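# Next input, structure requested:
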Amino acid sequence: MLSRHQQSWGIEQWAAYLKDKDIPVLSATRDSFQALKSQGNDAPEFSPRELVDMVHDDPYLALKLLIEAERHRSRRLGKETTTQLGAILQLGSDELYSLISRSPVVAVNHPGWKAAVATAVLASGIARAWSNFRSDTSPEEISLATLLSETGELLLWHFAPELPAQAIAEFEAGRANRTGLAQLNTAGFTFRQLTLALADIWQLPQMISQLIRGVDRPRTHIAQIAIDCARHLMQNPDNPALPSDIGNISQYIPGVAKEKLVSVLPISETQQAHILAGLQME
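You can find the predicted model right below:
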């Protein structure tokens, strides 16, 4: 429960409070890695790329890995870490296992919290697929930045769940027509602003920070549209906003058929057809 003092905090106080907190990992992540370690000497060896696939569904772990990898890098004066693969290579598999085992564990138990985690993971996958269509130099950079774009909200759900819960109640009551406005009304700042403040405090790699911040480049637009698209999908697979999302992303990935852009969405062929039909009507 928030203290009376915390109820009056602004974004600076919350950023200072969260910056040194021990970031948790999802309980499913801990369970998966404990199951591997329990096999003892007979446990299979996984390549770094296979480990990336195993941690992709946990935005908390992705953030924790990036921060920890950058700490290692700063001592070695190496290249900035901008992908999950790079973070794992910096740390090594043994340190990855150790990092997970000593992390606090969080069981996501609020519908809004579940939606926030699921949206981040879904958006990250969509952004990676779209970036591949664009033949981007590093789709994994865009994927990681997208996964971390809602860091402020995800940390609040763990350390101060009253704030995001109040914002949801504000939105559902009709007192705000946008989630950002609901957050401003209840917390005094948007959770995205908190994400940006934390990215500065942690001194995240410049490329990741730029992608999160929304510097006006095609790569940034891919990340942001993927987040919008994921939110719309989570709300309703038949969301009328989805044709606009596909129309928007097609501007930044020229030469790729809209059918191909739609094909990466985890929806039925019938629902994909509805989106394409909606594009023809715009």
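# Okay, now the unreliable bits of the stretch 151-282 of the chain?
Along the stretch 151-282 of the chain, the model assigns pLDDT under 70 to residues 216, 282.
# That one: helices as residue ranges?
All helices of the stretch 151-282 of the chain, identified by DSSP state H, counting those that start in this stretch, fall at 151-159, 162-172, 179-187, 191-202, 206-213, 218-235, 242-250, 258-263, 269-281.
# before we move on, what about the stretch 1-150 of the chain?
11-18, 27-37, 48-55, 59-76, 84-91, 93-101, 111-133, 139-147.
# Restricting the selection to alpha carbons, write stretch 150-169 to PDB.
Presented in PDB, the C-alpha positions along stretch 150-169 are these (Å, rounded to 0.1, in the frame of the first residue of the first chain):
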ATOM      1  CA  GLU A 150       6.500   0.000 -21.100                       C
ATOM      2  CA  THR A 151       9.200  -0.500 -18.400                       C
ATOM      3  CA  GLY A 152       7.700   2.300 -16.200                       C
ATOM      4  CA  GLU A 153       4.300   0.700 -16.100                       C
ATOM      5  CA  LEU A 154       5.600  -2.800 -15.500                       C
ATOM      6  CA  LEU A 155       7.800  -1.700 -12.600                       C
ATOM      7  CA  LEU A 156       4.900   0.200 -11.000                       C
ATOM      8  CA  TRP A 157       2.700  -3.000 -11.200                       C
ATOM      9  CA  HIS A 158       5.300  -4.700  -9.000                       C
ATOM     10  CA  PHE A 159       6.400  -2.000  -6.700                       C
ATOM     11  CA  ALA A 160       3.300   0.300  -6.600                       C
ATOM     12  CA  PRO A 161       0.300  -1.500  -8.100                       C
ATOM     13  CA  GLU A 162      -2.100   1.100  -6.800                       C
ATOM     14  CA  LEU A 163      -1.000   3.600  -9.500                       C
ATOM     15  CA  PRO A 164      -1.700   1.500 -12.600                       C
ATOM     16  CA  ALA A 165      -4.800   0.100 -11.100                       C
ATOM     17  CA  GLN A 166      -6.100   3.600 -10.400                       C
ATOM     18  CA  ALA A 167      -5.300   4.600 -14.000                       C
ATOM     19  CA  ILE A 168      -7.300   1.700 -15.300                       C
ATOM     20  CA  ALA A 169     -10.300   2.500 -13.100                       C
END
